[in-house]
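Novice: Return atomic coordinates for the entry below.
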Amino acid sequence: MKKVLITGANKSIGFETARQLLQQGHFVYLGSRDLENGQAAVQQLKAEGLNHVEAIQIDVSDSDSVRAARMDIGGKTESLDVLINNAGISGGMPQKALEAGVDQYRKVFETNVFGVVRVTQAFIDLLRNSPEPRIVNVSSSQGSLTVAADPSSFYYDHKGAVYQPSKSALNMYTIALAYELRGTPFKVNAVDPGFVATDFNNHRGTGTVQEAGARIARYAMLDENGPTGKFVSEEYNPETGDIPW
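Specialist: This is a model prediction of the structure:
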């Protein structure tokens with residue numbers, strides 16, 4: 001049974017991704033910043049008959065919390081097959097380039113970028129012990145420089161001067177990580193779940209968590225012929241998932 005860690009998985013897209021991977025026969029470590037919320041999510045999944053799941057307290061913005069989560073999971077298993085870096089924050093609105101303070105940028109990057117680095121580096125040894133390790137960084141089409149600069153883009157007038165750069169930085173980290181792990185069994189990709197109706201955007205999204213979870217789960221379950229070092233958005237390009245960086 002393959003083992004998966006999903007950060008920020010006690011609700012919304014992370015929770016639905018956990019559900020779908022459990023339905024596919026995986027064991028899921030359900031990461032949650034608040035352990036009680038994580039345990040409540042686990043109980044909900046178990047009530048659905050999905051029993052191979054355990055809550056793990058992990059705050060990706062806190063190095064001590066990440067280390068503790070690594071020790072906790074490392075005491076239960078010698079390998080991890082999939083890491084899904086899902087935890088993220090928007091930083092609130094509005095986000096004006098001339099008004100957003102450095103502290104606002106720092107808070108968002110602490111979770112959306114540095115948090116991914118912390119978790120990936122902390123769990124890379126367990127991932128290396130898997131015969132088919134997969135890393136999925138949950139990104140956004142909003143992180144595409146090309147799309148953001150295109151006046152014909154549907155979201156052109158929706159600018160987030162804090163959130164968007166954080167996802168652009170995450171995409172670059174994904175490229176660097178995939179490059180360093182080239183020639184190994186690793187598959188490392190950045191996946192846009194789409195504009196999904198969740199608490200994250202006050203339910204203004206047009207997509208469903210079921211669609212988003214399926215997009216992420218698909219890249220968590222890539223076979224040996226699957227891509228690596230890709231940025232994909234099925235919302236942007238339903239046929240191929242290709243989206244410009």
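
Novice: residues touching the residue most central in space within the chain, list them.
Specialist: Per CA atoms, centre = their mean, the C-alpha nearest to the average position across the chain is that of residue 86, at 2.4 Å. With contacts defined as CB atoms under 8 Å, 6 or more residues apart in numbering, residue 86 is in contact with 6, 7, 8, 9, 13, 14, 17, 138, 216. (Each C-beta comes from the backbone N, C-alpha and C, glycine too.)

Novice: Which helix or strand contains the fourth one?
Specialist: What it means is residue 9. For residue 9, there is no host helix or strand (DSSP states H and E).

Novice: Tell me what residue 31 is bridged to.
Specialist: Residue 31 has these beta-bridge partners by DSSP bridges: residue 56.

Novice: what number of residues lie near it?
Specialist: By other CB atoms under 10 Å, 30 other residues sit near residue 31.

Novice: Can I get the contacts of residue 86 in CSV including secondary structure and distance to residue 24?
Specialist: Formatted as CSV, the contacts of residue 86 follow (DSSP: H, G, I helix; E, B strand; the rest coil; distance: CB to CB, whole Å):
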residue, secondary structure, distance to residue 24
6, strand, 13
7, coil, 19
8, coil, 20
9, coil, 15
13, helix, 17
14, helix, 16
17, helix, 11
138, strand, 18
216, helix, 12
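
Novice: List just the nearest of the residues you listed to residue 45.
Specialist: Checking the contacts of residue 86 against residue 45 with CB to CB, the nearest one is residue 9 at 10.0 Å.

Novice: top helix in the protein by residue count?
Specialist: In the chain, with assignment by DSSP state H, the single longest helix is helix 163-180.

Novice: By neighbour count, which of the contacts of residue 86 wins?
Specialist: residue 9 (32 neighbours).

Novice: any idea how far it is from residue 66?
Specialist: 15 Å (CB to CB, to the nearest Å).

Novice: which residues in this protein form strands?
Specialist: Along the chain, counting by DSSP state E, strands occupy 3-6, 27-32, 53-57, 82-85, 134-138, 187-192, 230-233.

Novice: Nearest to residue 245, out of those?
Specialist: Across these, closest to residue 245 is strand 230-233 (CB to CB), at 5.8 Å.

Novice: Who are the packing partners of the closest one?
Specialist: strand 187-192 (3 or more CB pairs under 8 Å, 6 or more residues apart in numbering; DSSP states H and E).

Novice: Give me the helices and strands touching the strand it packs on, please.
Specialist: Right, strand 187-192 is packed against strand 134-138, helix 163-180, helix 209-220, strand 230-233 by 3+ CB pairs under 8 Å, 6+ apart.

Novice: quick revisit: quick check, pLDDT for the residue nearest to the centre of the chain.
Specialist: Here the pLDDT value assigned to residue 86 is 98.

Novice: how near is the residue lying farthest from the centre of the chain to residue 107?
Specialist: Most distant from the centre of the chain: residue 98, at 28.8 Å, with distances by CA atoms, centre = their mean. Shown here: residue 98 relative to residue 107, a distance of 18 Å by CB to CB.

Novice: List the residues that contact residue 20.
Specialist: 213, 214, 217.

Novice: okay, the helices and strands packed on strand 187-192 in TSV with mean pLDDT next?
Specialist: Shown next, in TSV, are the helices and strands packed on strand 187-192 (pLDDT from 0 to 100):
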stretch	mean pLDDT
strand 134-138	99
helix 163-180	98
helix 209-220	97
strand 230-233	98
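
Novice: For residue 29, see how far away residue 75 is.
Specialist: Following CB to CB, the distance that separates residue 75 from residue 29 is 12 Å.
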